[in-house]
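Trainee: Pasted the sequence and its predicted model underneath.
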Amino acid sequence: MEQSTGSLSIITWNTCGVKPTKHHPNKLIDIMNYGKKQKADVIFLQETHIGPNCYRKLEKHGWIEMERDWTSYFPVYSPSSKGVAILVNKKLKPHYEYICHDEDYAGGYIVLFCQMYGQLFTLVNVYNHKTDKKVLGRLSQYLQEMKIGTLVIGGDFNTVLDLDIDKRTASEHRRHTFLRPLLQSFISSLNLQDTWARLQPTEEAFTHSQGTSHSRIDMFFMQQDKAPCAQSCEIHTDSGISDHNPVSLKILVPKIGSTLTDVHKKLRKLGDGGQEVKNKLERRAGKISGAEVLVAIKSLADSREDDLMETDTLKHEYNEILREKEIPEGFNMSLNRKYKIFATILANRLQTYLEPSFTGSINIPPKSSPYIVYLGRQPLIKSTFLEEALLSIDKIQSPPKDFTILKQVLPEDLDILWKLLPMVEGSSGDKINLQDQCPLTPALLHLCLKYMKHRIQETGTVLSVSLQRRSLLIHMEQEKKRSVVKELSKIRKKSDLSLRCLKVT
């Protein structure tokens with residue numbers, strides 16, 4: 001065991017909201033009192049359901065008391081299915097120093113970089129929503145590049161790791177959800193260990209119950225080389241506040257002589273460290289995260305070694321653009337690399353909205369013939385048609401509940417996206433050049449295909465979209481061919497797209 005400089009008590013807890021309820025009119029105060037009872041230094045909360053103005057409404061129900069006793073970090077998230085927060089006990093203040101933090105735009109995680117007892121920590125609170133396939137992937141990539149000191153990850157992962165020990169049900173049939181391999185990949189990518197399982201390898205205990213089903217889905221993880229610092233990990237069954245049991249972790253702070261990297265020094269100087277008060281006052285849903293910036297940078301062919309130094313600075317710059325709704329002068333594709341990164345972030349959000357996390361099937365009419373409609377490779381598209389598609393996005397796609405955050409922030413994103421489009425090289429007048437080099441092209445072509453599908457479906461035909469082939473597959477009954485061809489002709493004229501319709505043999 002490494003020499004220690006102190007000890008920390010951390011609780012992770014899915015509280016199913018922090019607002020007053022019929023059974024818990026002072027829920028937030030009850031949560032804080034429970035934390036004090038457990039002598040917690042840090043609390044990770046999941047499913048906070050905190051919207052942009054919610055914390056103001058909570059002032060009569062414990063918010064002021066919380067701000068007095070705890071330093072809080074949280075993203076705002078309007079829909080009632082998500083939200084995370086990290087609370088740091090102010091009694092820890094002599095031994096605690098804030099560096100910066102990063103938050104997921106969809107309320108899936110928050111990362112806090114700090115020093116405690118003179119040692120560096122990366123504290124990560126995760127809510128892995130049952131329909132979200134991407135949150136752990138983008139978080140993993142971010143942490144691989146950005147973590148410092150001792151990494152502690154806690155949260156509700158909505159899946160068990162071992163069906164034989166971590167789940168009990170009256171049914172004879174047990175199966176893993178699709179989230180398990182994603183969690184396993186996340187664990188492997190960061191060399192993590194399940195702290196409770198490491199300390200209790202043969203015990204059975206559960207953190208969540210639903211009917212006759214019981215499971216351990218709320219967990220703490222630490223990296224393998226720091227796992228021995230975990231002194232204890234307990235599942236508590238005495239809270240009575242939520243259908244999840246809180247889990248507590250006590251660790252000895254390792255004395256490892258860690259120092260801030262150049263990246264984190266810059267984050268402290270230029271990023272959140274210098275704007276902590278401003279950022280806490282500016283609660284906005286859908287703020288761009290450092291992870292989004294990093295993923296966008298890494299996807300570019302010309303990514304560089306010093307890109308990490310840009311991540312947080314760009315995050316603040318892009319959020320300022322979204323807040324002000326204005327593009328800075330000289331911010332264009334041909335001259336400014338910032339354009340490509342920003343455009344990639346907006347394109348990734350649009351693609352996520354257009355490709356929600358669900359599977360479906362197509363019921364093909366028995367007497368139909370398949371046709372393929374191809375898009376030209378480098379289309380010049382009329383801005384009026386693209387605007388029509390953007391304005392029709394609610395009709396084109398009805399995302400599952402988990403993606404309603406995108407529905408909420410998408411109008412702002414699209415407003416900025418619309419201002420970026422005239423900057424694409426080769427665009428002029430009423431024509432937008434969706435060239436392959438532009439990061440927006442795949443998402444916008446996908447949008448156009450979805451919009452075309454929506455319009456043609458109104459003729460009563462069945463279609464599917466292939467983004468990679470830039471095509472529509474139409475299952476057309478012979479008597480509907482005339483109306484489909486007529487609609488395609490209207491689309492071709494309105495969009496100026498190069499469309500070819502071929503029968504599949």
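Mentor: Right, received. Where do you want to start? Residues are numbered from 1 along each chain as shown.

Trainee: Show residues contacting stretch 23-33.
Mentor: Outside stretch 23-33, the residues within contact range by Cβ atoms under 8 Å, 6 or more residues apart in numbering are 13, 15, 17-21, 43, 45, 58, 61-63, 65-66, 69-70, 87, 241. Every C-beta, even on glycine, is put in place using the N, C-alpha and C of the backbone.

Trainee: All the strands of the stretch 51-200 of the chain, residue numbers only.
Mentor: 70-73, 84-89, 96-103, 109-116, 119-127, 150-156, 167-168, 192-194 (DSSP state E, counting those that start in this stretch).

Trainee: For the third one, buried residues please.
Mentor: Buried residues in strand 96-103, defined by neighbour count with 16 or more other Cβ atoms under 10 Å: 96, 98-103.

Trainee: cool, stretch 140-159 as well?
Mentor: Neighbour-count burial for stretch 140-159 [16+ other Cβ under 10 Å]: 140, 142-143, 145-159.

Trainee: now the end-to-end length of stretch 167-183.
Mentor: 16 Å (Cα to Cα, to the nearest Å).

Trainee: which residues are contacting it?
Mentor: So stretch 167-183 is contacted by 128, 130, 133, 136-137, 157-161, 163, 204, 206, 212-216 (Cβ under 8 Å, 6+ apart).

Trainee: so how far is it from its chain's centroid?
Mentor: Relative to the centre of its chain, stretch 167-183 is centred 23 Å away, using Cα atoms, centre = their mean, to the nearest Å.

Trainee: elements contacting the lengthiest strand in the chain?
Mentor: Identified as the longest strand of the chain according to DSSP state E is strand 4-14. With contacts taken as 3 or more Cβ pairs under 8 Å, 6 or more residues apart in numbering; DSSP states H and E, strand 4-14 sits against strand 42-46, strand 119-127, strand 150-156, strand 218-223, strand 247-254.

Trainee: C-terminal to that strand, which secondary structure element comes first?
Mentor: Next in sequence after strand 4-14, counting helices and strands by DSSP states H and E, comes helix 27-37.

Trainee: tell me the angle that following helix makes with strand 4-14.
Mentor: With axes from the mean of the first three to the mean of the last three Cα atoms, to 10 degrees defining the directions, helix 27-37 sits at 150 degrees from strand 4-14.

Trainee: Can I get helix 27-37 in CSV, CA atoms only?
Mentor: Presented in CSV, the C-alpha positions along helix 27-37 are these (Å, rounded to 0.1, in the frame of the first residue of the first chain):
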residue,chain,number,x,y,z
LYS,A,27,-36.2,15.5,-0.1
LEU,A,28,-33.1,17.5,-0.8
ILE,A,29,-32.6,18.2,2.9
ASP,A,30,-33.1,14.5,3.6
ILE,A,31,-30.5,13.7,1.1
MET,A,32,-28.0,16.1,2.6
ASN,A,33,-28.8,14.9,6.1
TYR,A,34,-28.1,11.3,5.1
GLY,A,35,-24.8,12.4,3.6
LYS,A,36,-23.9,14.1,6.9
LYS,A,37,-25.0,11.0,8.9
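
Trainee: buried set for that helix?
Mentor: 27-32, 34-35.

Trainee: same question, stretch 38-56
Mentor: 38, 40-51, 54-55.

Trainee: same check, this time on stretch 385-392
Mentor: 385-386, 389-390.

Trainee: Out of those, which is nearest to Gly426?
Mentor: Leu386 (14.6 Å; Cβ to Cβ).

Trainee: Filter the contacts of stretch 23-33 down to the buried ones, ChimeraX style.
Mentor: Here is the ChimeraX command that selects the buried residues among the contacts of stretch 23-33 (16+ other Cβ under 10 Å):
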select :13,15,17,18,19,20,43,45,58,61,62,63,66,70,87,241
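
Trainee: so what secondary structure elements neighbour the one helix or strand His475 maps to?
Mentor: Element membership of His475 [criterion: DSSP H and E] is strand 471-477. Taking 3+ Cβ pairs under 8 Å, 6+ apart as contact, the helices and strands that strand 471-477 lies on are strand 368-375, helix 441-457, strand 462-466.

Trainee: and with 6 Å instead?
Mentor: On a contact count with 3 or more Cβ pairs under 6 Å, 6 or more residues apart in numbering; DSSP states H and E, strand 471-477 meets strand 368-375, strand 462-466.

Trainee: now the angle from the shortest one to helix 441-457?
Mentor: For strand 462-466 against helix 441-457, the angle by the same axes, to 10 degrees is 170 degrees.

Trainee: Would you list the strands that strand 462-466 pairs with, along with their directions?
Mentor: strand 471-477 (antiparallel) (DSSP bridges).

Trainee: which residues sit against the helix or strand that comes right after the strand it pairs with?
Mentor: Counting by DSSP H and E, the element after strand 471-477 in chain order, helix or strand, is helix 481-495. Outside helix 481-495, the residues within contact range by Cβ atoms under 6 Å, 6 or more residues apart in numbering are 381-382, 385, 452, 455-456, 459, 461, 476, 499.
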